[in-house]
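# Provided below are the primary sequence and the corresponding predicted coordinates.
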Amino acid sequence: MEDSLHHIFGIRHHGPGSARSLLASLTELMPDIILVEGPPEADNLVSLASDPDMVPPVALLVYASDAPSRSSFYPFAIFSPEWVALQFANRHNVPLRFMDLPTANMLALEDDSNQSDHLEPTTPDPLRMLAEAAGYTDSERWWENLVEHRQDRFGVFEAILQAITLLRSEVIDTVSFEDKCREASMRQTIRKARREGFKRIAVVCGAWHGPALANLPSAKADMEILTGLPHVKVAATWVPWTNSRLSFRSGYGAGIESPGWYAHIWNSQEDTNVRWMSHVSRLLREQDLAASPAQVVDCVRLADTLAALRNFSAPGLREMNDASQTVFSFGSTLQLKLIEDKLIVGEALGRVPESAPSLPLQKEIERTQRQLRLAPAPTPKVLDLDLRKETDLARSHFLHRLVLLNIGWGVPQKVQRAKGTFHEIWQIQWRPEFAVAIIEASLWGSTVLQASAQIIRRYADGCESLNGLCSLLDKTILADLPDSVTFLVAKLEDQSALAGDILDLMDSVSPLANVARYGTVRNTDRALIESIVVSLVTRISIRLPNACIALDDDAAREMYDRLRSVHGALSLLLNQELTNLWLNALTQIIDTPLVHGVVAGRAARILLDVRRMSQHEAAVLIKLTLTLATSPTSVADWFEGFLLESGQLLLLDDTIRHLVDEWVCQLDDDSFTTLLPLLRRTFSSFTSPERKQLGERIKLDEAQPIDFGLREEDNFDYDRANAALPLLLQLLGANTKQNSKDEQDPK
């Protein structure tokens, strides 16, 4: 080994102290070449790091060309040592290369490990072990005190290398296969730089890998490790990143606790603590919370005192938080949570230059975002769109198209009824992983419109249900894809003609009616959609009565839900002819024997609500149901279908309430016990005020005579009744002569 040829700088991947120490060491060494732990596929992207439009946090994205979801991110913050090395190399015209195992191999190895049941040993956390040896329970705290807040920048890397070397040689005797491959690849890169004649080689790597790179074994041993590794074809680019994704709470393996605090440490060369407390007080005042200059002074003094009592050279984040909690919030943690979200972690979103490699689809999305004034932001934002305005309608179309492409930048929210159908509410929040989703979507087209249309056709070809096609049509119309709408309508017509399941037909009505509802607002041909609905409802109405016969309990409740769904959908269309066809089918259900009580009850209730059935007719029907039912269970089912979520009906209709009350009261003990769960399910659907008022109304009814309102009407046909009486009396064995008087007067 020739130690003078390469110098190991073992760093923590994101730390301002490590970055400052590295910058000082590189300035002293002035290397001929810098080798940085990172993806070799990104070597041609190094120069972009010095572009004025490149603003950290950013990340290198390396992805499989044929499957972009298989990807790896390599994030950089302004305080990351690797980023400092990139800036130093560009500023001093020093060549820089990435030296990790190629991502092409790492992605393939990940696939192999996912398919294998063999568990490789995992690399331990060396910082945690060193912190525990030093008497710390928190490795973050130990590293901050040792490195991040260190004033003397020299000698740090030698001490780190010595400590990790001892740890790897005497404490940890297992290294994962992936780490062996990575370190072999790093050593090969170092050897190549030596062969090319570089004399001062700076090697910037994670502290854990330092000892494995300090002494180079034979090249043959490393070649044996690397030969035959699987690989995939990959591509690389720069993408924006966020502070929240640098945080360990995002799940990032090399995450840190406080990216916002670290950025402050890096940017503040003097009066770090005073400036931090000024930021805290400004944030609190923006939220209308008390934070005076005098409190800022008290916080700084308290933080210095806490650091001295804890035997630290300078206050750290914990001292700053303890001081803020004591002075600003008097011990409460509420303000501290705000400080953590807004400052300690932060809301920074990076930016990459337009010259960075990107696909046409990504460029079009960025261009559309600028045109529609929808700037990506890492924090959630509520967007209220008025679809009567041209810009808001274009925003809606754009967001819906991104949803189709599985780019969930915007999430639609429920709209209050007062807003009307011309309003849409979205919550938008940009996340770095959308970069992968955009690359995946680019496989379908180079523009958002083209990619959306292609993915609609793919979904449609794989959709086997009418309901699925209708839902897809709904999304397509919201995204304003007219050619795709025509394609889906034709496919719907063909598939609906062949559909044999009435439940599938019924499921399709509601999505189509929902689509037709937007006809005016979204300039959609409503007549085209309604023609399909007319065809579906006609077929449903013809087949519905027979489809409701002999259903078991589960099937009956499924039919109950579909009756409600179809009726609600038709109420949106305001097509009286179609509604009459539907109501005629419901009338036939009531008159059809062997229909489950839940279904018959719901059909009767719908007819009552639309006044196709009068209150008197409803009372007669209820009385007949109570009289002719073969079992109390059937009656309970009927009442469930008729009364579910309908407490107001019992409150407003005295006759129906009396009939229900009389039936419940005449049940014997065994029947009541059996029916109690069914009845409870029905009455529990009433609101609490409705149940209370119903109990009070029943108490009043007990003191009043019950009038069912079922007296004979004046147009009763006595002649027809007289004609049937002789035969009826004979069947009953009565003396017809003695009852001749009764024959003349059936009343």
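Great, that's in hand.

# where in the stretch 451-600 of the chain is pLDDT low?
Across the stretch 451-600 of the chain, residues meeting the criterion (pLDDT under 70) sit at 496-500, 515, 517-526, 528.

# which stretches of it form helices?
Listed in chain order, the helices of the stretch 451-600 of the chain (DSSP state H, counting those that start in this stretch) span 466-478, 482-498, 502-517, 526-547, 553-573, 576-591, 597-609.

# Which other helices and strands does the first one contact?
Using 3 or more Cβ pairs under 8 Å, 6 or more residues apart in numbering; DSSP states H and E as the contact test, the elements touching helix 466-478 are helix 390-404, helix 448-461, helix 482-498, helix 502-517. For glycine as for every other residue, the C-beta is placed from the backbone atoms N, C-alpha and C.

# Return the most buried member of those.
Among these, helix 502-517 has the highest mean neighbour count (mean count of other Cβ atoms under 10 Å), at a mean of 23.

# tell me how far it is from the chain's mean position?
25 Å (Cα atoms, centre = their mean, to the nearest Å).

# Just want the angle from it to helix 466-478.
10 degrees (axes from the mean of the first three to the mean of the last three Cα atoms, to 10 degrees).

# Let me see the mean pLDDT of stretch 31-51.
The pLDDT scores in stretch 31-51 average 95.

# which parts of it are buried?
In terms of neighbour count (16 or more other Cβ atoms under 10 Å), stretch 31-51 has its buried residues at 31-42, 45-46, 48-49.

# re earlier: could I get the helices and strands packed on helix 466-478 as JSON lines with distance to Glu270?
Compiled in JSON lines, the helices and strands packed on helix 466-478 are given as follows (distance: least, Cβ to Cβ, whole Å):
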{"stretch": "helix 390-404", "distance to Glu270": "45"}
{"stretch": "helix 448-461", "distance to Glu270": "48"}
{"stretch": "helix 482-498", "distance to Glu270": "60"}
{"stretch": "helix 502-517", "distance to Glu270": "62"}
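
# Can you pull the domain assignment for this structure?
The chain resolves into domains spanning 6-250, 268-345, 360-444, 717-747 when parsed by automatic domain parsing.

# so which of these comes closest to Arg351?
Closest to Arg351 of the domains of the chain, according to Cβ to Cβ: domain 6-250, at 4.3 Å.

# where exactly do the helices run in the stretch 101-250 of the chain?
With DSSP H, counting those that start in this stretch as the criterion, the stretch 101-250 of the chain has helices spanning 103-115, 126-133, 139-143, 156-170, 177-195, 210-214, 219-226, 243-246.

# Deepest in the core, which of those helices is it.
Once neighbours are counted as mean count of other Cβ under 10 Å, the most buried of the helices of the stretch 101-250 of the chain proves to be helix 243-246, having a mean of 25.

# right, and the helix or strand after that one?
Using DSSP states H and E, the next helix or strand after helix 243-246 towards the C-terminus is helix 259-267.

# Contacts for that next one next, please.
Residues outside helix 259-267 that contact it (Cβ atoms under 8 Å, 6 or more residues apart in numbering): 14-17, 19-20, 57, 77-79, 148, 243, 246-247, 256, 272, 275-276, 279, 317, 342-346, 348.

# Same question for it: list its buried residues.
Buried residues in helix 259-267, counting neighbours by 16+ other Cβ under 10 Å, are found at 259-266.

# and the least confident of those?
Lowest in pLDDT among the buried residues of helix 259-267 is Ile265, which has 86.

# quick one on the thing from earlier: let me have the helices of the stretch 101-250 of the chain in JSON lines, adding mean pLDDT and distance to Val411 as columns.
Shown next, in JSON lines, are the helices of the stretch 101-250 of the chain (pLDDT from 0 to 100; distance: least, Cβ to Cβ, whole Å):
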{"stretch": "helix 103-115", "mean pLDDT": "79", "distance to Val411": "30"}
{"stretch": "helix 126-133", "mean pLDDT": "76", "distance to Val411": "38"}
{"stretch": "helix 139-143", "mean pLDDT": "73", "distance to Val411": "33"}
{"stretch": "helix 156-170", "mean pLDDT": "84", "distance to Val411": "45"}
{"stretch": "helix 177-195", "mean pLDDT": "93", "distance to Val411": "36"}
{"stretch": "helix 210-214", "mean pLDDT": "91", "distance to Val411": "45"}
{"stretch": "helix 219-226", "mean pLDDT": "92", "distance to Val411": "45"}
{"stretch": "helix 243-246", "mean pLDDT": "85", "distance to Val411": "17"}
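
# Trp83 is nearest to which of those?
helix 243-246 (11.8 Å).

# Show me what that closest one is packed against.
Contact analysis of helix 243-246 by 3+ Cβ pairs under 8 Å, 6+ apart lists helix 259-267 as its packing neighbours.

# what does the average pLDDT come to for the particular helix or strand that has Ala618 in it?
Element membership of Ala618, judged by DSSP H and E, is helix 615-628. Averaged across helix 615-628, pLDDT comes to 74.

# the inter-axis angle of the helix or strand following that helix versus helix 553-573?
For helix 615-628, the succeeding helix or strand toward the C-terminus, using DSSP H and E, is helix 632-643. In terms of direction (the same axes, to 10 degrees), helix 632-643 departs from helix 553-573 by 20 degrees.

# could you dump helix 632-643 to CSV, C-alpha only?
Taking C-alpha atoms only, helix 632-643 is exported to CSV below (Å, rounded to 0.1, in the frame of the first residue of the first chain):
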residue,chain,number,x,y,z
PRO,A,632,-92.5,-12.1,12.7
THR,A,633,-89.0,-12.2,11.2
SER,A,634,-90.4,-11.4,7.7
VAL,A,635,-92.2,-8.4,9.1
ALA,A,636,-89.0,-7.2,10.9
ASP,A,637,-87.2,-7.5,7.6
TRP,A,638,-89.9,-5.5,5.8
PHE,A,639,-89.8,-2.8,8.4
GLU,A,640,-86.0,-2.6,8.1
GLY,A,641,-86.2,-2.0,4.4
PHE,A,642,-89.0,0.5,4.9
LEU,A,643,-87.8,2.5,7.9
